[in-house]
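Engineer: what would the 3D arrangement of this be:
(one chain, ligands or ions: 2)
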Amino acid sequence: MADTAKIDIKSLQFEELQETLRGLGEPSYRVGQIADWLYKKRVESFENMTNLPHALRAQLATLFTFDRLEIVRVLGSRDTTRKFLFRLADGNLIESVLIPASSALYGEKSDRRTICISTQVGCAYGCKFCASGLDGFSRNLRANEIVHQILAVENQNDEKVDNIVFMGMGEPLANFDNVMRAIRIINARWGLGIGARHITVSTSGLAPQIRKLADEPVQIRLAVSLHGATDEVRSQIMPINRRYNIETLLSACDYYVTHKKQRLTFEYILIADTNDSDEQAAALVKHARRLNAKVNLIPYNTVEDLPWSRPSRTRQEKFLSILRAQGIAATLRREKGHDIEAACGQLRLQTDREKRQQIIA
Ligand code: SAH
Ligand code: SF4
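Structural biologist: Numbers count the residues shown, from 1 in each chain. Ligands and ions are numbered 1, 2, ... in the order given. Alright, predicted model coming up:
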């Protein structure tokens, strides 16, 4: 079990590592060597950093941990969407989803391998349709636990991913500092070297944090989970809307777009007889036009024990056509593998329940 007083070395920024090594009287090139071991060669212990002096390896081991991220389960096959269930050092479970090259997501070219990663254990926001919040919130993930999901999936797969979406379990902007730390590591040349434009953060609408993100220098993409185009409908399924209503949210989005000079995406899950009416589509047109936003329609994935379902295919297409007829850049996800692409949180929930039933020791 990890020593809680120490932090994992993969939570550190380059400058922090530099500072530590300077304090130890080490030459400046050591920091590059260590970053190389961590993010390029990807060793799993200080002992394996063979070009460092033995004494330094031992010293690093007294200062930092090297936490494990254990793969508990992998669902899906090589050519389909694959779900990874991980156990953290403290026993908590999180998940990541690897989406193969074929499904074009978020306007990116279709030859990308996308990984969807988690930022918290559970979620405190309790959206009515979402599996992630069903068992409440346990804790924030640390930066290393966020980065480690990518490393573990790449290692298991023996293949690089080139697109990162923060759309797994949890609300990324509620874990702002750790998420930003992780993003800097993912983005940096000394780290994973993934371009900022290939990193998308999704939020349920934390208006103040959207403004804070706009003030950050990094040019990542932002997706906003709208899922309802009027306060009445949105408040029904997303409790956050009672704290930050649509106008408050959209004005934070205005700020983001103006500061970043960047288009954002509205995610809009289509839920039968809830948010899929022509009136909702018309209201959504107005919001998208105001922000020049793209709209990504996602047919709802059913969650066990929850009453919601996806609209018929005809209804989905109708909703899309209303947006398109008004000139909105909208896409409808027509994914295969509905079962495996089951939305965030479901795999963990299932395994947690099994655990309670003593199926997993
Ligand atoms: N908390 C953030 C990011 C994680 S959720 C957010 O809410 O944006 C990522 C996306 O998956 C969100 O748009 C969320 O609304 C959506 N989602 C959650 N449950 C879903 C389900 N059952 N079917 C389809 N999409 C779902
Ligand atoms: Fe949390 Fe996002 Fe799920 Fe809402 S949709 S409960 S914010 S993970």
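Engineer: now the helices for this protein?
Structural biologist: 14-23, 29-35, 54-63, 143-157, 176-187, 207-214, 231-237, 240-243, 246-260, 278-291, 313-325, 346-356 (DSSP state H).
Engineer: got the CA coordinates for the first one in CSV?
Structural biologist: Extracted C-alpha coordinates of helix 14-23, given in CSV (Å, rounded to 0.1, in the frame of the first residue of the first chain):
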residue,chain,number,x,y,z
PHE,A,14,9.5,18.9,-14.8
GLU,A,15,10.4,22.0,-12.9
GLU,A,16,9.5,20.4,-9.6
LEU,A,17,11.6,17.4,-10.4
GLN,A,18,14.4,19.7,-11.4
GLU,A,19,14.1,21.5,-8.1
THR,A,20,14.3,18.2,-6.2
LEU,A,21,17.4,17.1,-8.0
ARG,A,22,19.1,20.4,-7.6
GLY,A,23,18.4,20.0,-3.9
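Engineer: name the helices or strands packed onto it?
Structural biologist: Under the contact definition 3 or more CB pairs under 8 Å, 6 or more residues apart in numbering; DSSP states H and E, helix 14-23 sits against helix 29-35. From N, CA and C alone the C-beta is placed, and that goes for glycine too.
Engineer: list the buried residues in the helix it packs on.
Structural biologist: 30-31, 33-35 (16 or more other CB atoms under 10 Å).
Engineer: ok, now stretch 113-125?
Structural biologist: 113-123, 125.
Engineer: any chance of CSV for those, columns pLDDT and distance to G205?
Structural biologist: Formatted as CSV, the buried residues of stretch 113-125 follow (pLDDT from 0 to 100; distance: CB to CB, whole Å):
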residue, pLDDT, distance to G205
R113, 87, 28
T114, 89, 23
I115, 92, 23
C116, 93, 19
I117, 96, 20
S118, 96, 19
T119, 97, 15
Q120, 97, 16
V121, 96, 21
G122, 94, 18
C123, 95, 13
Y125, 97, 9
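Engineer: want to throw the residues you listed into CSV with distance to L320?
Structural biologist: CSV is the format used below for these (distance: CB to CB, whole Å):
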residue, distance to L320
R113, 26
T114, 22
I115, 27
C116, 23
I117, 28
S118, 29
T119, 29
Q120, 32
V121, 35
G122, 32
C123, 28
Y125, 27
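Engineer: which members of those residues define the maximum pairwise distance?
Structural biologist: Within these, R113 and Y125 form the most distant pair, 28.4 Å apart (CB to CB).
Engineer: show me which residues of the stretch 51-200 of the chain sit near ligand 2.
Structural biologist: Within the stretch 51-200 of the chain, the positions adjacent to ligand 2 are 123, 125-127, 130, 132-133, 170-171 by CB under 6 Å from any ligand atom.
Engineer: if we go to 5 Å?
Structural biologist: Residues of the stretch 51-200 of the chain found near ligand 2 (CB under 5 Å from any ligand atom) are 123, 125, 127, 130, 132-133, 171.
Engineer: how about the stretch 201-350 of the chain?
Structural biologist: Going by CB under 5 Å from any ligand atom, the residues of the stretch 201-350 of the chain near ligand 2 are S204.
Engineer: so where's the stretch 201-350 of the chain uncertain?
Structural biologist: 335-350 (pLDDT under 70).
Engineer: which one of the buried residues of stretch 113-125 is nearest N163?
Structural biologist: Looking across these and measuring by CB to CB, the closest to N163 is T114, at 4.1 Å.
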